[in-house]
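>>> Fold the following, please.
(one chain, ligands or ions: 2)
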Amino acid sequence: MAGTESSQSSRQSSFNSLAKDLELPLEQGCLSIVVLGASGDLAKKKTFPALYHLFEQGFLQSGEVHIFGYARSNLSDDGLRERIRGYLKGASSEEHISEFLQLIKYVSGSYDSGEGFDNLNKEISEYEKSNESGSSRRLFYLALPPSVYPSVCKMIRTYCMNPTSRAGWTRVIVEKPFGKDLDTSEELSSQLGELFEEDQLYRIDHYLGKELVQNLLVLRFANRLFLPLWNRDNVDNIQIVFREDFGTEGRGGYFDQYGIIRDIIQNHLLQVFCLVAMEKPVSLKPEHIRDEKVKVLQSVNPIKDEEVVLGQYEGYKDDPTVPDDSNTPTFASVVLRVHNERWEGVPFILKAGKALNSRKAEIRVQFKDVPGDIFRCKKQGRNEFVIRLQPSESMYMKLTVKKPGLEMATEQSELDLSYGMRYQTVKIPEAYERLILDTIRGDQQHFVRRDELKAAWQIFTPLLHDIDAGKLKTVPYQPGSRGPKEADELSEKVGYMQTHGYIWIPPTLK
Ligand SMILES: NC(=O)C1=CN([C@@H]2O[C@H](COP(=O)(O)OP(=O)(O)OC[C@H]3O[C@@H](n4cnc5c(N)ncnc54)[C@H](OP(=O)(O)O)[C@@H]3O)[C@@H](O)[C@H]2O)C=CC1
Ligand SMILES: O=C1O[C@H](COP(=O)(O)O)[C@@H](O)[C@H](O)[C@H]1O
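Ligands and ions are numbered 1, 2, ... in the order given. Predicted structure coming up:
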């Protein structure tokens, strides 16, 4: 076992107090984790490594957990283990990695026939029989294309539910995309809703598992400093930005059916938007938090065509799986406006792009100019509070200060909290690691509820339909650039003021 006894007991005690706060039951007994689509890309790159890290830290115990990989491919137990071994990078030894891999068993079967799932159930039951004590907890992770979700869920429901004779639960994690628009998403929700209760379904959005996204509510509601500032009286505009410095690389066929709005903005950036813009929840209970997220989504005005810029990088259509006449955006900048007391008049600029000049995700809250500015600081730039989600997690506040020296001159500087400097000994967990642990604990706080998903699609569906119908066109941009210049022009038009000549470099990168 990796974690020491004392670190495990302290983890257990902090979980006990969290469980008490959230009224989660404390559980012990068999835990079966089934990764469906175990032969795939997500499973090897994210799901199994996340399980390994949980094992490494003592959250999954050998005597208690068993992992099953399920897919159609003809693989042996060892075949699957060898496929994922290279992706398990941790602090511990080869011996420890092997100990984890021994927990994994492979079951082959199709996604729509009873035979495979009946076999899977027998394997799980066999393992549960060997450990009669406590509950039977069954977690199914659908690392699969969404087209097979309905049939797979039906099979789980028919063949693989935890036995009613034992305490425990059955939970299902599903990956985005949850549909392509409001109607298809609602159809999928209804199909899954007929098979599972909402509290059994965990719709994962891995951005909700990122450290600084999880910090947003703490930052906003545990700091007196921000309470009076976080509103239309003080904030001029807010940007939520995702940039990648590589293109669709081998995923062109998939990507072309979705585009950047469905791939990043409607889910990841909109979830971040909710946490930035929502009101204070009654408590930290998942339903209270999600109630507030739904409310702010429902307060978003229809998107105006003139507040959208779409781009496609040059060379995107060289991918043979992308049609020559594709109008799919690989870049989009969309302004959301919230019709409520706190945010009326404040533009939220959600911007995402592939094949740009850098890789980063950040929230940029730009404050209004100082009224009656005796220093003429406007030229220096405005106050900005920036939350860098990745890479190099950090938060910094751009301030105007007196330039050190004999002259009374001002310049832009920053108050800086870089996680790499401040928390040098802390390893920031991977998003998937945290979200799988939340599922085992039954905490749905960081998962998307059905009505939240519906409200998200309501915002973007009219725009997406217009793009699909060719009513809105993409403009070309150079790979490795900032994206279309029209996007910068739009940001400026709605109020964003760029500070020229000021670039913050995280100290950890110097
Ligand atoms: N890959 C990533 O980085 C990310 C993926 N996701 C989402 O996770 C899910 C899985 O993604 P990913 O692992 O990349 O997908 P893959 O294309 O690798 O598919 C996973 C497995 O599903 C089976 N499969 C593939 N196509 C079909 C099909 N048409 N019908 C039935 N089974 C099929 C294959 O297993 P076999 O043939 O052996 O049965 C395959 O190994 C998707 O919903 C994706 O959108 C989300 C975020 C990131
Ligand atoms: O969901 C997705 O996210 C990744 C980016 O995730 P990150 O955690 O590395 O920021 C993106 O590359 C992919 O296109 C998208 O499907």
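>>> mean confidence for stretch 206-225?
The pLDDT scores in stretch 206-225 average 97.
>>> typed the wrong thing, it's stretch 361-372
95.
>>> swap in stretch 283-295?
Stretch 283-295 comes out at a mean pLDDT of 97.
>>> Then stretch 148-167?
92.
>>> Show me what it is in contact with.
27, 29, 34, 36, 111-114, 116-118, 120-121, 124-125, 128, 134-138, 140, 142, 144, 168-170, 172, 174, 188, 191-192, 195-196 (Cβ atoms under 8 Å, 6 or more residues apart in numbering). Quick note: C-beta positions are derived from backbone N, CA and C, even for glycine.
>>> And the helices in the stretch 101-250 of the chain?
114-129, 149-159, 182-193, 211-214, 216-221 (DSSP state H, counting those that start in this stretch).
>>> other SSEs contacting the third one?
Counting by 3 or more Cβ pairs under 8 Å, 6 or more residues apart in numbering; DSSP states H and E, the packing neighbours recorded for helix 182-193 are helix 149-159, helix 450-468.
>>> check whether the shortest one contacts ligand 1.
No. Using Cβ under 6 Å from any ligand atom, helix 149-159 never reaches ligand 1; the gap is at least 8.4 Å.
>>> Helix 182-193 and that helix, what's the angle between them?
10 degrees (axes from the mean of the first three to the mean of the last three Cα atoms, to 10 degrees).
>>> does the helix or strand hosting Y70 come close to ligand 1?
Applying DSSP states H and E as the criterion places Y70 in strand 65-71. Yes. Strand 65-71 reaches ligand 1 (Cβ under 6 Å from any ligand atom) through A71.
>>> Can you give the distance of stretch 218-237 from its chain's centre?
23 Å (Cα atoms, centre = their mean, to the nearest Å).
>>> buried set for it?
For stretch 218-237, a neighbour-count test (16 or more other Cβ atoms under 10 Å) marks 219-220, 230, 235-237 as buried.
>>> pull the CA atoms of it into CSV?
Extracted in CSV, the C-alpha atoms of stretch 218-237 (Å, rounded to 0.1, in the frame of the first residue of the first chain):
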residue,chain,number,x,y,z
VAL,A,218,-13.9,29.8,-1.9
LEU,A,219,-12.3,32.8,-3.5
ARG,A,220,-15.6,34.6,-4.1
PHE,A,221,-17.5,33.8,-1.0
ALA,A,222,-14.8,33.3,1.7
ASN,A,223,-13.0,36.6,1.1
ARG,A,224,-14.5,39.9,2.3
LEU,A,225,-12.3,41.7,-0.2
PHE,A,226,-14.2,40.5,-3.2
LEU,A,227,-17.7,40.7,-1.9
PRO,A,228,-18.3,44.4,-2.6
LEU,A,229,-16.3,44.4,-5.9
TRP,A,230,-17.9,41.5,-7.8
ASN,A,231,-20.6,43.3,-9.6
ARG,A,232,-21.6,45.8,-12.4
ASP,A,233,-20.6,48.8,-10.2
ASN,A,234,-16.9,47.8,-10.3
VAL,A,235,-16.3,45.3,-13.0
ASP,A,236,-16.1,46.5,-16.6
ASN,A,237,-15.8,43.1,-18.4
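>>> Give me the contact list for that stretch.
275-276, 280, 342-349, 365-369, 382, 387, 395, 491, 494-497.
>>> Sort out for me which of those are in strands.
347-349, 365-367, 387, 395 (DSSP state E).
>>> now, which of the residues you listed sits nearest K293?
Using Cβ to Cβ, F348 is the member of the ones in strands among the contacts of stretch 218-237 that lies nearest K293, at 14.3 Å.
>>> Same list, the buried residues of stretch 218-237, but as JSON lines with distance to ligand 2 please.
Compiled in JSON lines, the buried residues of stretch 218-237 are given as follows (distance: Cβ to the nearest ligand atom, whole Å):
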{"residue": "L219", "distance to ligand 2": "20"}
{"residue": "R220", "distance to ligand 2": "22"}
{"residue": "W230", "distance to ligand 2": "25"}
{"residue": "V235", "distance to ligand 2": "25"}
{"residue": "D236", "distance to ligand 2": "27"}
{"residue": "N237", "distance to ligand 2": "23"}
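>>> thinking again about what came up before, which one of the helices and strands packed on helix 182-193 lies nearest to ligand 2?
helix 450-468 (14.5 Å; Cβ to the nearest ligand atom).
>>> want to throw the helices of the stretch 101-250 of the chain into CSV with distance to L88?
As requested, the helices of the stretch 101-250 of the chain are exported to CSV (distance: least, Cβ to Cβ, whole Å):
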stretch, distance to L88
helix 114-129, 22
helix 149-159, 26
helix 182-193, 31
helix 211-214, 21
helix 216-221, 30
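>>> now the strands for the stretch 201-350 of the chain?
201-204, 235-243, 308-313, 331-337, 347-353 (DSSP state E, counting those that start in this stretch).
>>> Which of these sits closest to R434?
Per Cβ to Cβ, nearest to R434 of the strands of the stretch 201-350 of the chain: strand 201-204, 10.8 Å.
>>> For that closest one, buried residues please.
201-204.
>>> CA atoms only: put it into PDB for me.
Taking Å, rounded to 0.1, in the frame of the first residue of the first chain, the C-alpha atoms of strand 201-204 are listed here in PDB:
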ATOM      1  CA  LEU A 201     -25.800   9.800 -13.100                       C
ATOM      2  CA  TYR A 202     -22.500  11.800 -13.000                       C
ATOM      3  CA  ARG A 203     -22.100  14.000 -16.100                       C
ATOM      4  CA  ILE A 204     -18.400  14.800 -16.100                       C
END
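>>> Now look at it and say if it contacts ligand 1.
No. Using Cβ under 6 Å from any ligand atom, strand 201-204 stays clear of ligand 1, coming no nearer than 8.2 Å.
>>> Outside of that strand itself, list whatever touches it.
171-176, 178, 192-193, 432, 435, 438-439, 444, 447-450, 453.
>>> Rebuild the helices and strands packed on helix 182-193 as CSV, extending it with mean neighbour count and distance to F255.
Below are these laid out as CSV (neighbours: other Cβ atoms under 10 Å; distance: least, Cβ to Cβ, whole Å):
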stretch, mean neighbour count, distance to F255
helix 149-159, 19, 20
helix 450-468, 19, 14
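>>> Tabulate those helices in TSV, adding columns for distance to R262.
As requested, the helices and strands packed on helix 182-193 are exported to TSV (distance: least, Cβ to Cβ, whole Å):
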stretch	distance to R262
helix 149-159	16
helix 450-468	7
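>>> Show the low-confidence segments of the stretch 51-200 of the chain, by residue range.
The model of the stretch 51-200 of the chain has pLDDT under 70 over residues 90-91.
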